[in-house]
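Novice: Attaching a predicted model along with its sequence, questions to come.
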Amino acid sequence: MLDQEKFYTALSQGKMDEVKRLTQEALDQGEPVEKVLKDGLLSAMDRVGVRFKNGEVYIPEVLIAARAMHSGMAVLKPILSKSSTRQAQQVIIGTVKGDLHDIGKNLVVMMLEGGGFEIVDLGIDVPPNKFIEAIKTHQPHVVGMSALLTTTMIEMKNTIQAIEWAGLRNQVKIIVGGAPVTSKFAQDIGADGYAPDAASAVDLVRKILAE
Ligand code: B1M
């Protein structure tokens, strides 16, 4: 039985080894990987997020929790990314300029890898010109952008515009996601699709590539 309280305590205290151990233990006990991710790691991080919002914890605490979350995700990564059918289709992805949040983006990367796509991860704080260079270098089928801040969402629009001005817009499908992003926003800025979570991102990429 997955103990959510133990996950929360270990994660919120930044105990990387303990989070790793709890994650492995839950898997060893036969819990499905999606459940360990959702009910173990993500729900604990959500609770940290609520306390952050309420001013009960501050950035250093959130950072150590995020680091502990990464150590748990590292245990899940080989399972989430496992795929028998490799497709040649390539996706480049990054968190937009000014935005340092990468936990959700990393999950999307893992799920897409698990879906058989080849990923080029540009990391965080990615300016439009870096997306453009990567499109020229890798010729991807899809470009994915992540933003977690209402103040950085606008960078998605700026990046799409820059890709257009570089004459590359017709070569790629563009998808966006992140907590403040909505389907309407995606439409308004001229993206080809929006996914609310990592699993939906895989479905979305498959769908737009089949169009
Ligand atoms: Co930040 N932060 N943070 N933070 N942080 C939020 C986002 C916030 C909602 C907290 C709050 O107030 N409740 C708030 C944003 C408010 C807003 O804009 N409306 C906030 C703020 C304000 C800030 C700072 C400005 C704080 C400050 O300095 N005063 C600062 C900004 C730094 C910057 O980016 N320039 C900041 C900093 C940080 C840390 C560095 C401390 C840390 C990030 C560490 C890291 O990522 N390595 C951090 C964290 C961890 C959070 C919270 C607590 C957790 C985010 C997270 O990882 N969630 C967050 C509160 C919260 O969300 N509960 C918060 C788990 C993750 C799996 O979910 O990222 O939503 P998410 O990803 C999902 C979907 O959104 C989707 O799939 C993912 C998986 O299902 N998705 C995509 C994401 N990208 C996608 C792309 C796709 C498709 C789907 O296609 C391409």
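Specialist: Now that the structure is in, tell me what you want to look at.
Novice: tell me the contacts of residue 163?
Specialist: Applying C-beta atoms under 8 Å, 6 or more residues apart in numbering to residue 163 gives the contacts 128, 131, 132, 135, 143, 169, 172, 174. (Glycine included, C-beta is placed from N, CA and C.)
Novice: With residue 153 instead?
Specialist: 96, 147, 178, 180, 181, 185.
Novice: Show the pLDDT at the fifth one.
Specialist: In this prediction, residue 181 carries a pLDDT score of 98.
Novice: Assign it to helix, strand or coil.
Specialist: coil (DSSP: H, G, I helix; E, B strand; the rest coil).
Novice: domains of this protein?
Specialist: Domain ranges of the chain: 4-82, 90-210, per automatic domain parsing.
Novice: and these, which is most packed in?
Specialist: Most buried of the domains of the chain, by mean neighbour count (mean count of other C-beta atoms under 10 Å): domain 90-210, with a mean of 19.
Novice: okay, how far is it across that domain, tip to tip?
Specialist: 14 Å (C-alpha to C-alpha, to the nearest Å).
Novice: Equivalent analysis for stretch 51-66, please.
Specialist: Using C-alpha to C-alpha, one end of stretch 51-66 lies 14 Å from the other.
Novice: ok, is it in contact with the ligand or not?
Specialist: Yes: using C-beta under 6 Å from any ligand atom, we find that stretch 51-66 touches the ligand at 52, 53, 59, 62, 63, 66.
Novice: Same question for stretch 188-208.
Specialist: Yes: against the ligand, stretch 188-208 shows contacts by C-beta under 6 Å from any ligand atom at 195, 197, 198, 201.
Novice: Return the alpha-carbon coordinates of that stretch using CSV.
Specialist: The C-alpha trace of stretch 188-208 is given here as CSV (Å, rounded to 0.1, in the frame of the first residue of the first chain):
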residue,chain,number,x,y,z
ASP,A,188,-5.1,32.4,-29.6
ILE,A,189,-1.4,32.3,-30.0
GLY,A,190,-1.5,30.1,-33.0
ALA,A,191,-0.2,26.8,-31.5
ASP,A,192,-1.3,23.6,-33.1
GLY,A,193,-2.3,21.9,-29.9
TYR,A,194,-2.5,22.0,-26.1
ALA,A,195,-2.2,19.2,-23.6
PRO,A,196,-3.2,19.5,-19.9
ASP,A,197,-0.8,16.7,-18.7
ALA,A,198,2.1,14.5,-19.8
ALA,A,199,0.0,11.5,-20.9
SER,A,200,-2.3,13.7,-23.0
ALA,A,201,0.8,15.2,-24.6
VAL,A,202,1.7,11.8,-26.1
ASP,A,203,-1.9,11.4,-27.4
LEU,A,204,-1.7,15.0,-28.8
VAL,A,205,1.6,14.5,-30.6
ARG,A,206,0.3,11.2,-32.2
LYS,A,207,-2.9,13.0,-33.2
ILE,A,208,-1.4,16.0,-34.8
